[in-house]
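> quick one, fold the following:
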Amino acid sequence: MNLKNSQTFKNLARTYAGECQARTRYEFMEYGARSQGFKALADIIDDIAYNEFNHARMFYSFIQTADKQTITNIHIDAGYPFKEKWDLMENLRLASEDETDEATKIYPEFARVAEQEGFKDIAGLYRNVIEVEKQHIAILSELYTQMKNNTMYSRPTPVVWKCSDCGYAQKAMEAFKCCPLCHAKQGAVLLKIDALSKPSASLAVSQNATASKVSAGKSGGMKTTASSAKSTTAKPSSPKTSSAKPSASSATKKPAVKPVPKMGGKPTSTSTR
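Modelled structure (predicted):
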């Protein structure tokens, strides 16, 4: 079957739009978390956003294999979530809910259709992405539970808490409010997330690992290295929670934008809503 005339072609377009929106929602959340001083939490969310960027990149690459000519427009009719407002804790729960829909309903069906239509490589891509989305569910759910139960910076027994800015570490039941070495605030302390330190068995090398590869030639040059892709998606600088010096790469980032409503907290007076 010709990809451009298939249901899978439309599903790819829907998926690309969904992944792009998911990435932007995570950027909103990251901005809100960092503005509230949750630096380490913001870094975790930023990593998830970058995962979504690469998911979108791969789905877009497959779309481009459908026609050597320019694809001017793909009409799709689909619904997308607009749940998140300005509550960081609630947004973590809602994001986990969105990821669950993708991993258990939407993508399994899209993989089934792709397999049925003869696009085994695309089906493989969907299955690989499902495994990543499952990991996102675990991370987001754990972050939500910790914030809800006020256990993000405390444990019933002593554990090692480490500053993400300077590397200072201290064993205690509660994380230090201020780093004794660099004076970074508590938000810079690396979080204890089991889903990150103990990945699930499903994240072992996938049997579909080679099925979802697209060559640079077929994808119209969409193949990029991790360093080059991430540098092109740098975000505006955010309020820092420590006295650490900015990295040398910060000079390449985009200039700060005007204040906008923070997805992790209440709207500011400059809200554009």
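
> what residues does the longest strand along the chain touch?
Taking DSSP state E as the criterion, the chain has its longest strand at strand 154-162. Under the criterion Cβ atoms under 8 Å, 6 or more residues apart in numbering, residues 153, 168-176, 189-190, 192 lie in contact with strand 154-162. For every residue, glycine as well, the C-beta is placed using N, CA and C.

> again, only this time at 6 Å
By Cβ atoms under 6 Å, 6 or more residues apart in numbering, the list of residues contacting strand 154-162 from outside reads 169-175, 189-190.

> could you dump those residues to a markdown table with pLDDT, neighbour count and distance to Asn73?
Output for those, formatted as a markdown table (pLDDT from 0 to 100; neighbours: other Cβ atoms under 10 Å; distance: Cβ to Cβ, whole Å):
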| residue | pLDDT | neighbour count | distance to Asn73 |
| --- | --- | --- | --- |
| Ala169 | 98 | 12 | 54 |
| Gln170 | 97 | 17 | 57 |
| Lys171 | 98 | 8 | 59 |
| Ala172 | 98 | 12 | 58 |
| Met173 | 97 | 12 | 58 |
| Glu174 | 98 | 14 | 55 |
| Ala175 | 98 | 24 | 51 |
| Val189 | 98 | 27 | 48 |
| Leu190 | 97 | 18 | 45 |
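
> between those residues, which is nearest Ala49?
Nearest to Ala49 out of the contacts of strand 154-162 is Leu190 (Cβ to Cβ; 18.6 Å).

> list the contacts for the closest one?
Residues in contact with Leu190 (Cβ under 6 Å, 6+ apart) are 40, 162, 164.

> quick one: name whatever helix or strand follows the helix or strand hosting Phe9.
Per DSSP states H and E, Phe9 falls inside helix 7-35. Next along the chain after helix 7-35, taking DSSP H and E as the criterion, comes helix 39-64.

> surely Tyr153 and Phe176 touch.
No: using Cβ atoms under 6 Å, Tyr153 is not in contact with Phe176; the gap is 8.9 Å.

> and stretch 179-188, how far out from the chain middle?
Using Cα atoms, centre = their mean, to the nearest Å, the mean C-alpha position of stretch 179-188 is found 26 Å from that of the whole chain.

> and what of stretch 129-142?
Counting by Cα atoms, centre = their mean, stretch 129-142 comes out at 10 Å from the chain centroid.

> quick one: contacts of that stretch?
48, 51, 55, 92, 95-96, 99-100, 102-103, 107, 193, 195, 202-203.

> hmm, back to that, tell me what the helix holding Phe9 is packed against?
Secondary-structure packing of helix 7-35 (3 or more Cβ pairs under 6 Å, 6 or more residues apart in numbering; DSSP states H and E): helix 39-64, helix 88-101, helix 107-116.

> closest one to Pro81 among the ones you listed?
With distances scored as Cβ to Cβ, the stretch of these nearest to Pro81 is helix 88-101 (5.2 Å).

> what angle separates that closest one from helix 7-35?
Per axes from the mean of the first three to the mean of the last three Cα atoms, to 10 degrees, the angle that helix 88-101 makes with helix 7-35 is 160 degrees.

> appreciated, that's everything.
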